[in-house]
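[1] Sequence and predicted structure below; questions after.
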Amino acid sequence: MTLPRLTAPALFALFLSACAVTAPAPVEEVPVADAPPSDMLLPVLPSPEQDTCGASELASFIGGDVGLIDAARFANPVRVIRPGDAVTMDFNPQRLNFDLDVLDEIIRVRCG
């Protein structure tokens, strides 16, 4: 009779330990690669044959902050693309695409 009385608390302790919360392993911070200064970037613009949306007229935006896009008004549709963003493959020759770097600076203006 003593065996069943000892088994119940042992089983209870076993079940309780299965629900114990363990501390997560510490996360090691990975440094972000240094981005080149924006004044060292060369404008990446479409060729005249591919410039169906007027992207070449926006060369002054390259190197600027994403806020420039928000403050401006455009006649064409606009798409802002950040690193790692999922982008649809539909091509719209009138759409302006602004490619940003990890610092949210404009690195490329193109049609599509």
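    Nice, I can see it. All figures in this text were calculated on a predicted structure; none of them were measured in a lab. Numbers count the residues shown, from 1 in each chain.
[2] what ranges do the helices span in the protein?
    2-18, 67-71 (DSSP state H).
[3] Now the weakest link among those helices, please, by mean pLDDT.
    Note on those: helix 2-18 shows the lowest mean pLDDT, a mean of 63.
[4] Any stretches of this structure with poor pLDDT?
    Residue ranges of the chain with pLDDT under 70: 1-46.
[5] can you give me the strands in it?
    78-81, 96-100, 106-111 (DSSP state E).
[6] Can you name every helix or strand that the last one contacts?
    Packing contacts for strand 106-111, counted by 3 or more CB pairs under 8 Å, 6 or more residues apart in numbering; DSSP states H and E, involve strand 96-100. (Glycine included, C-beta is placed from N, CA and C.)
[7] Please identify the pairing partners of the strand it packs on and their relative orientation?
    strand 78-81 (parallel), strand 106-111 (antiparallel) (DSSP bridges).
[8] For Phe91, find the nearest of the ones you listed.
    With CB to CB, the closest approach to Phe91 among the strands paired with strand 96-100 belongs to strand 106-111: 8.7 Å.
[9] what comes into contact with that closest one?
    41, 44-46, 50-53, 55-56, 58-59, 61-66, 68-69, 93-101 (CB atoms under 8 Å, 6 or more residues apart in numbering).
[10] CA-only coordinates of it in PDB, if you can.
    Backbone C-alpha positions of strand 106-111 (Å, rounded to 0.1, in the frame of the first residue of the first chain) are rendered in PDB as follows:
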ATOM      1  CA  ILE A 106      17.000  55.700 -51.800                       C
ATOM      2  CA  ILE A 107      19.500  53.800 -53.800                       C
ATOM      3  CA  ARG A 108      17.700  53.300 -57.100                       C
ATOM      4  CA  VAL A 109      14.700  54.800 -59.000                       C
ATOM      5  CA  ARG A 110      13.300  52.700 -61.900                       C
ATOM      6  CA  CYS A 111      10.200  51.900 -63.800                       C
END
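[11] I'd like the strands of the chain as JSON lines, with distance to Val87 and mean neighbour count appended.
    JSON lines is the format used below for the strands of the chain (distance: least, CB to CB, whole Å; neighbours: other CB atoms under 10 Å):
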{"stretch": "strand 78-81", "distance to Val87": "6", "mean neighbour count": "15"}
{"stretch": "strand 96-100", "distance to Val87": "8", "mean neighbour count": "20"}
{"stretch": "strand 106-111", "distance to Val87": "12", "mean neighbour count": "21"}
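[12] Sounds good, over and out.
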